[in-house]
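# here is my input; please provide its structure:
(chains A and B)
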Amino acid sequence: MISIDDIKNKIKSGATVRSIIEDALAKIEAAKEFNAVISTLRDRALQRADEIDQRLKNNEDVGILAGIPFIAKDNFLAFGAKTTAASNMLKNFEAPYQATAIEKLEAAGAILVAKSNLDAFAHGGSTENSDFGATKNPHNPKCVPGGSSGGSAAAVALGLVPFALGTDTGGSIRQPASFCGVVGIKPTYGAVSRYGVIAMASSTDTIGPLASCVEDAALVFDVIAGRDERDSTTLKKPESFYPIIADRPKKIGIIKEYLNGGVQPEVAKSVMTQAEKLKAAGYAVEEVSLPSVSLGLAVYYIVVPAEISSNFQRYDGIKFGHSAEERGDLQELYGQSRDQGFNAENKRRILIGTYVLSSGYIDAYYRKAQTVRTKLINEFTDAFKKYDALIGPVAPTTAFRLGENVNDPLQMYLADIMTVSASLAGLPAFSVPAGKDQANMPIGLQIIGAQQSDAQLFSLAKQIEELNRG
Amino acid sequence: MLDKSVFDSYQPTIGIECHVQFKTKTKLFSGADNDERGKLPNQATSPLCFGLPGTLPILNKEAVRLAVRAGLALNANIGKISSFDRKHYFYPDLPKGYQITQLDRPIVLDGFVDVPVGESMVRVRINHAHLEEDAGKSTHPAGAEYSLVDLNRAGTPLLEIVSEADMHSSAEAKAYVQELYLLMKYADVTFGDLQYGNMRFDVNVSVAKKGADELGTRTEVKNLNSFRAVERAIEFEVKRQIELLETGKAVRQETRGWVEATQKTVPQRSKEEAMDYRYFPEPDVPPVVLSDEFIEEVRGSMPMLPSKLRAEIEARGIDQQTAETLILRDALTNSSYTKTVLAQEGNEAARFAANFIANRDISYCDGLEKDGKSVGELPSAKKFLAVFELRQKGELSSNNADALLFALRHRPEAEPRELAEELGFLQENDSSALEAIISKVLAEPFNQKAAEDIKSGQMKAIGFLVGQVMKASQGKANPSAVRDLIIKQIGV
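Below you'll find the model as predicted:
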């Protein structure tokens, strides 16, 4: 893996930004077999590199991320390449405007070089649902990289770029970060603008970086976070997210419900090892019970498909996106376009969501789920009165084999069981590398904080990173 | 054909939903231009109007302010916390596949409108009014294999005002929609151009035998865009429903459309075919929280509304019909007639202004507009008063007072008296000059007969002589002064 500092040092010692970008593009080309990337933005990236080189020559201020190449998940709208969401529905979609996160990074001098693979429309936890083929795990190409930000996690793990952007609706940054052994940041809901990012479930969609180290993730997050007039749900940014270990949270709870029998023993053991290390470093660590988290998955797979069914009404073959050749009448145009443009998992979620919102069922499903969601939020709120942060596994297992769960959607959904609750409650939750299993596959530790405690969570993440280094 | 007494044995019950388009600069959730007049199809749009992925709705604060104004005009409570919901259906002119509306927590709650119907007042309660975005416009060219979609209107802020079923005749319903029109115009929330669909009405109609405990099955006639269409559609529905019931048939609960050409309603969708809109809370738009200070600030900025205006105008001794004419005219043409009338000192001056406006100025302006000419601008209240005073002093004839006010419309900088002089409108009041003219007229041989008649007490003939004097003075004499002087000279 490479860090932002590695690149900055190269530029300092005379390398041109053009050579940095060419190097990144060459690495992307060389790593093609992993299928982490859907498209590259060669011309646009090189043009920007030359601009920055020129400005460096003129001793102009070029921004805190000047010349740093990065990759964005292909559900971020950006100029210079198509924005496909890895779906046939949008395989020819050219964005007429850019995501706020991309614009902010570019304003800070970073250079978007490629768009990464994902489960189509971010529906999935393995990147196998991509209409552009599955991504392979850099640690073992027979395994999945996790998902849905699997392409972004793999790109960072492969050292193609120092950081990549992902989206996390129920675990889509944390779980691939865990599977690929990188740092993954799912911030507080509303911390980063969703403008220009293709929506999945509006009430839990978040945006964050995947990086090789905590400090880089914090640096990038500092750039992309903050209030945006174009997203009403965004929050005002605190002064800085730079990790300062002295500001770390001190009292930590291990979520008991996440360590039951269903968890791969090495994953459970890793959490306990991390807990011991933290104790040794002077933290108070104890088990805490949050009974409602075991209902999190059930709630998530009602609320999120409901919002998906709504957000996906716009893909109707009329104004943009795939439009069927068969056009008997309006209903046929709708039906054929959606049937051809969406894949099985997209349809599964749209159908579930339509069902749970339909009259006669909305009380039993959607409204009941919202009630449980409120209960879950209250349990977290109570827990954070006592603990500064909560820890647990990111996923029940390390990366599973490609194809292993493809025909078993329920098993696939179970991979999200430990990540969805923080999403439903809008909490910041990070995945920090915490060792490997016997097969040498990475294991991530999930750390969860109270709403808007992202800065303290970065400090804890940095602490864990240092404890694991030593 | 049923007997009138059969129709009279039924009571119609009517509730109305009214969609009011707000005249905000931008749309309800995007910065796109909200004024589509003079624009090409799809010109007044933004990526959000097309429902492009990645776009997010941002609530227009001005629309919230206008909703509060409308709510206050409806004597309603303003929801301190209101929120938005999504209503789903597929149609090409609804690009997101859902409409952002308010289902559970509307911004306007529990109001009423007192509606003048003839001599009496009918109170129509308002159940609530909610903010929502309009859809685009679809057209289906005859014979074409395609339809056209114009999204200029998509996202325009709408307030849907939902009444209780408090109306029991087409006349009451028509009066209610007219009163709503006036309220929304005076609250200054809409252009109120019905031709452009700025206000559209859905009417719910049922009939039941007078004295029955339960209401009949209702039908809804959608998308009426004139007061007259509201009246006619209700009349048609009431008659249709009574005829069904009287022939032993049932009224089907359904949505119907109004066909202007045939003046009939036609079925569109039955209850069984009703869509499931899958409403749920809009996650992209946080709830709207309004402070008491904000609501009071809006209240403080409200103009005088029709009910108060009526009372004020009638208190000046002006009849109800004239008052109604002024109030309606102001709403229709954004004029300031009522203000001008109420600004007059004294009731006589107010009546003078009101009568001039109702009887002369409105038709004068209509005439000019028909010919494509400028109507200029209404003279200020002060100038009205000046003209009134000239008239009082007898310096202006009634006709010349009107002519002077018309002239002032086109010469806004002119002083009334100076302009009257310039135009030769001032009357001759100088007795000696008039006496000379009268002497001359009386000396004319062919006027002798009239003078003799008057002498013998036949006063009818005096009109003829006054006319002769007026002619001799080239219209400048004050006729009533002339009359007095003639009598004096003849010595009756």
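# B:S439 touches B:Q489, doesn't it?
Yes. With contact defined as CB atoms under 8 Å, B:S439 and B:Q489 form a contacting pair (6.9 Å). Every residue, glycine included, has its C-beta placed from N, CA and C.
# more neighbours: the two, which one.
Neighbour comparison, B:S439 and B:Q489: the larger count goes to B:Q489, with 15 against 11 (by other CB atoms under 10 Å in any protein chain shown).
# now name the helix or strand holding that one.
Here B:Q489 sits within helix B:479-490, counting by DSSP states H and E.
# ok, how many other residues are close to the closest residue to chain B within the stretch 201-350 of chain A?
Distance from chain B to each residue of the stretch 201-350 of chain A (CB to the nearest CB) is smallest for A:Q313, at 2.2 Å. The tally of other residues near A:Q313 (other CB under 10 Å) stands at 23.
# phi, psi of it?
phi -60, psi -30 (degrees, to the nearest 10).
# dump the residue contacts of the nearest residue to it once chain neighbours are set aside.
Spatially, and ignoring its direct neighbours in sequence, A:Q313 is nearest to B:G97 (2.2 Å; CB to CB, 6 or more residues apart in numbering or on different chains). Neighbouring residues of B:G97 by CB atoms under 8 Å, 6 or more residues apart in numbering or on different chains: A:S310, A:F312, A:Q313, A:R314, A:D316, B:G51, B:H88, B:Y89, B:F90.
# how about the secondary structure of the last one?
Translated: B:F90. What DSSP: H, G, I helix; E, B strand; the rest coil gives for B:F90 is coil.
# can you give me the end-to-end distance of stretch B:286-296?
23 Å (CA to CA, to the nearest Å).
# check which residues of that stretch are buried.
B:V288, B:L290, B:I295 (16 or more other CB atoms under 10 Å in any protein chain shown).
# which stretches of the stretch 51-200 of chain A form helices?
Listed in chain order, the helices of the stretch 51-200 of chain A (DSSP state H, counting those that start in this stretch) span residues A:100-107, A:150-157, A:174-180.
# re the thing from before, pLDDT at the residue of the stretch 201-350 of chain A closest to chain B, what is it?
On pLDDT, A:Q313 comes in at 97.
# now swap in the one 5 residues further on and tell me
pLDDT for A:I318: 93.
# show me what contacts A:H322?
By CB under 8 Å, 6+ apart, A:H322 lies in contact with A:N88, A:M89, A:L90, A:K91, A:Y315, A:S337, A:Q340, A:G341.
# out of those residues, who's nearest B:S335?
Nearest to B:S335 out of the contacts of A:H322 is A:Y315 (CB to CB; 49.4 Å).
# run a quick check on the closest one versus A:R338, I expect a contact.
Yes. A:Y315 is in contact with A:R338 according to CB under 8 Å; the separation is 6.5 Å.
# more crowded one of those two?
Set A:Y315 next to A:R338 and count neighbours by other CB under 10 Å: A:Y315 wins out with 26 against 22.
# what about chain B: which of the contacts of A:H322 touch it?
A:L90 (CB under 8 Å from any CB of the partner chain).
# what is the nearest of the contacts of A:H322 to B:Q320?
Nearest to B:Q320 among the contacts of A:H322, with distances taken as CB to CB, is A:Y315, at 58.0 Å.
# what about the helices in the stretch 151-300 of chain B?
B:170-186, B:227-246, B:292-300.
# which one of those helices lies closest to A:P409?
helix B:292-300 (48.9 Å).
# pLDDT score assigned to the spatially most central residue of chain A?
Taking CA atoms, centre = their mean, the centroid of chain A lies closest to A:I173, which sits 2.4 Å from it. pLDDT recorded at A:I173 is 98.
# check B:K455 too.
80.
# same deal with the one 5 residues further on?
Per-residue confidence for B:K460 comes out at a pLDDT of 80.
# from B:G491, how far off is it?
Going from B:K460 to B:G491 by CB to CB, to the nearest Å gives 18 Å.
# before we move on, what about B:L56?
Distance from B:L56 to B:G491, by CB to CB: 93 Å.
# looking only at neighbour counts, state which of those two leads.
More neighbours surround B:L56 than the other of B:L56 and B:G491, with 23 against 7 (other CB under 10 Å).
# thought the more buried one was touching A:G190?
No. Using CB under 8 Å, B:L56 makes no contact with A:G190, being 11.9 Å away.
# so what sits against both of these two?
Residues touching both B:L56 and A:G190 (CB under 8 Å, 6+ apart) are A:D231.
# ok, back up a step: of the helices of the stretch 51-200 of chain A, which is nearest chain B?
The closest approach between chain B and any of the helices of the stretch 51-200 of chain A, judged by CB to the nearest CB, belongs to helix A:100-107 at 9.6 Å.
# quick check: buried residues in that closest one?
Buried residues in helix A:100-107, defined by neighbour count with 16+ other CB under 10 Å: A:T100, A:A101, A:I102, A:E103, A:K104, A:L105, A:E106.
# just the closest of those residues to B:N223, please.
Proximity of these to B:N223 was ranked by CB to CB; the top entry is A:T100 with 39.1 Å.
# great, nothing more from me.
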